[in-house]
Every structure is written in structure tokens, then in C-alpha cells.
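Asker: here is a sequence together with a model predicted from it:
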Amino acid sequence: MFKPTAIATALTVFFASSAVAESDPVVVELFTSQGCSSCPPADRILHDLVKRDDVIGLALHVDYWDYIGWKDAYADPDHTLRQRAYARQGGRSMIYTPQMVVNGQQDVVGAQARDLDRLIDAHLKAAPQASVKASRSGGDVTVDVTPVELPEGEIYDVRVVQYSPMRHASIRRGELAGHELDYANVVESWLMAGQWDGAAPQQFSAVLTSELPAVVLVQQAGHGPIVAAAHVK
């Protein structure tokens, strides 16, 4: 039989872990392009994801479809590099759009909503590895990271990502010529707040480049798993 103090301690640990899990959203990165005729269904899925409190949805527009007749105004070569890094991590030789990467680990081809929901649910139910909180004052962001159950010997990138909640495109050429499309949570900038060894709580700071909203991603260096994420409040 457990002693009352033991029960109280166990409940305290359980509820603390549950609170961390509930407050730690799953990150879904959509690699997309205005030059990709297969992308609009996936873009629409992202519109739904960004309404959820338990998901951080980000649209990373890539530039490798620009050659077919329409230059994506929101594309960034760094997004293409990030997608290539994920491919290397996953042992893949090709990149494509649309692709959704969940917490920096698994990927979903195209607009497979059921597969995506299954992955999101699995990550929401997983035990937390770390927690992060972020606040802003003007253009200054303060980030606090705390280990929960992290593997030893790893280094983590603490990044602040700014995004436009909604952007519109009037596409005149290419595969989507004539389409008027709205894009949700378009990534505009990445800031490296610092690197963390995951051994103890630590605080970081960063200066934002604009007034756009932001999120923080804590990711194993080398484009590994995202172990914690949060909206900057």
C-alpha cells in the first residue's frame, strides 16, 4: 500500500507532466510552392491546422519550382535547404511538394489528412522531453527552456520563427495560372537564439526583425527531432 505522501508525490509528478504535454504543441511544417499544382489541397489543410491550439502550422515556401514560369514571392532558398536536410536525415534522396514534416521527424506526402492526423495524435500522446516558454516585450523575446526527459549528449538549436498569419497571391503564370490563393502562417524569418545542451534550465534572448507573430522551436541540432515548441506571447 502506498503511503499518502507517496501518492501525493506521484500525483504531483503526473499532473506536472500532463500540464507540460498539454501545453506543448506539435509542429507541422508544410513545404509548398505557388508553382506546384498539387499544393492547394495541402495548403487548405494548413488553414485548418493553424486554428488549433495544440498544433503550430508553418508554411515554408520553396524556390525550386520557380523555373516553370512563376516565381513564388514567398519562397526562400533556406526553406529548400531545410527540406533537403530533412531528406538526408530520413535517408531520402529526393524532395518534393507538398510535403508535411511533423515535429522534425516523420513526413506526409501530399494532402493525406488521415495520415497527418494519426501522426499529430501520436506526438500529442507522447511523453514530453522538454518544455519551453517565450514572451516578448516590444522587439525583445525571452525564451526559457527546461529539460524533462532528454537524451544525454545532444545539442539543441533554439530558434525563433516569425510568420505572416495570412498572405494572398494572384498567380499569373505556371501550373496555377489564374488562381487567387491565400496562404496561412507563411514563414518570413528565422532567428537563432542560441544552442542548449539540455542538461539544465536555461534562458535565451533574441531581437525580432518585425512586429509579426512568432513561435519558438527547440530542435536537435542537425535538423533532428523538435523536442519542444511554443507561441511567443
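Answerer: Thanks, I have the structure now. It should be emphasised that the depicted structure is a prediction, and the values quoted were computed from it without experimental measurement.
Asker: wait, doesn't Val148 sit right on Val132?
Answerer: No - Val148 is beyond contact range of Val132, at 10.6 Å (criterion: CB atoms under 8 Å). In this view, the C-beta of every residue, glycine as well, is placed from N, C-alpha and C.
Asker: quick one: which of those two has more around it?
Answerer: Neighbour tally, Val148 and Val132, criterion other CB atoms under 10 Å: the higher count belongs to Val132, 23 against 17.
Asker: quick one: buried residues of stretch 205-225?
Answerer: By 16 or more other CB atoms under 10 Å, the buried positions in stretch 205-225 come out as 206, 208, 213-220, 223-225.
Asker: nope, stretch 98-117 is what I was after
Answerer: Those buried within stretch 98-117 under the rule 16+ other CB under 10 Å are 98-108, 110-113, 115-116.
Asker: okay, and which of those residues map to helices?
Answerer: Of the buried residues of stretch 98-117, the ones assigned to helices by DSSP state H are Ala113, Asp115, Leu116.
Asker: how near is the most centrally placed residue in the chain to Glu152?
Answerer: Nearest residue to the geometric centre of the chain (CA atoms, centre = their mean): Val27, 3.6 Å. Distance from Val27 to Glu152, counting by CB to CB, to the nearest Å: 23 Å.
Asker: show me which residues of stretch 126-146 are buried.
Answerer: Across stretch 126-146, burial judged by 16+ other CB under 10 Å covers Pro128, Gln129, Ala130, Ser131, Val132, Lys133, Ala134, Arg136, Val141, Val143, Val145, Thr146.
Asker: contacting residues around the residue nearest to Leu60 when sequence neighbours are not counted?
Answerer: Residue nearest to Leu60 in three dimensions, not counting chain neighbours: His79, with 4.0 Å by CB to CB, 6 or more residues apart in numbering. Applying CB atoms under 8 Å, 6 or more residues apart in numbering, we find His79 in contact with Phe31, Leu60, His61, Val62, Asp63, Val187.
Asker: next, give me the two most distant ones among the residues you listed.
Answerer: Using CB to CB, the contacts of His79 reach their maximum pairwise distance at Asp63 and Val187, which is 13.1 Å.
Asker: CA atoms only for the one helix or strand Gln195 maps to, dumped as PDB, please.
Answerer: Following DSSP states H and E, the helix or strand that holds Gln195 is strand 180-196. Output of strand 180-196 as PDB, limited to C-alpha atoms (Å, rounded to 0.1, in the frame of the first residue of the first chain):
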ATOM      1  CA  GLU A 180      -6.200  33.500 -56.400                       C
ATOM      2  CA  LEU A 181      -4.800  31.800 -53.300                       C
ATOM      3  CA  ASP A 182      -4.500  32.600 -49.600                       C
ATOM      4  CA  TYR A 183      -1.600  31.000 -47.600                       C
ATOM      5  CA  ALA A 184      -1.700  30.600 -43.800                       C
ATOM      6  CA  ASN A 185       1.300  31.100 -41.500                       C
ATOM      7  CA  VAL A 186       3.900  31.900 -44.200                       C
ATOM      8  CA  VAL A 187       7.400  31.800 -42.600                       C
ATOM      9  CA  GLU A 188       9.200  35.100 -43.100                       C
ATOM     10  CA  SER A 189      12.300  34.800 -40.900                       C
ATOM     11  CA  TRP A 190      14.400  32.500 -38.700                       C
ATOM     12  CA  LEU A 191      16.500  33.700 -35.700                       C
ATOM     13  CA  MET A 192      18.900  31.500 -33.800                       C
ATOM     14  CA  ALA A 193      18.500  32.400 -30.100                       C
ATOM     15  CA  GLY A 194      21.300  30.000 -29.200                       C
ATOM     16  CA  GLN A 195      22.200  26.400 -28.600                       C
ATOM     17  CA  TRP A 196      21.300  24.400 -25.500                       C
END
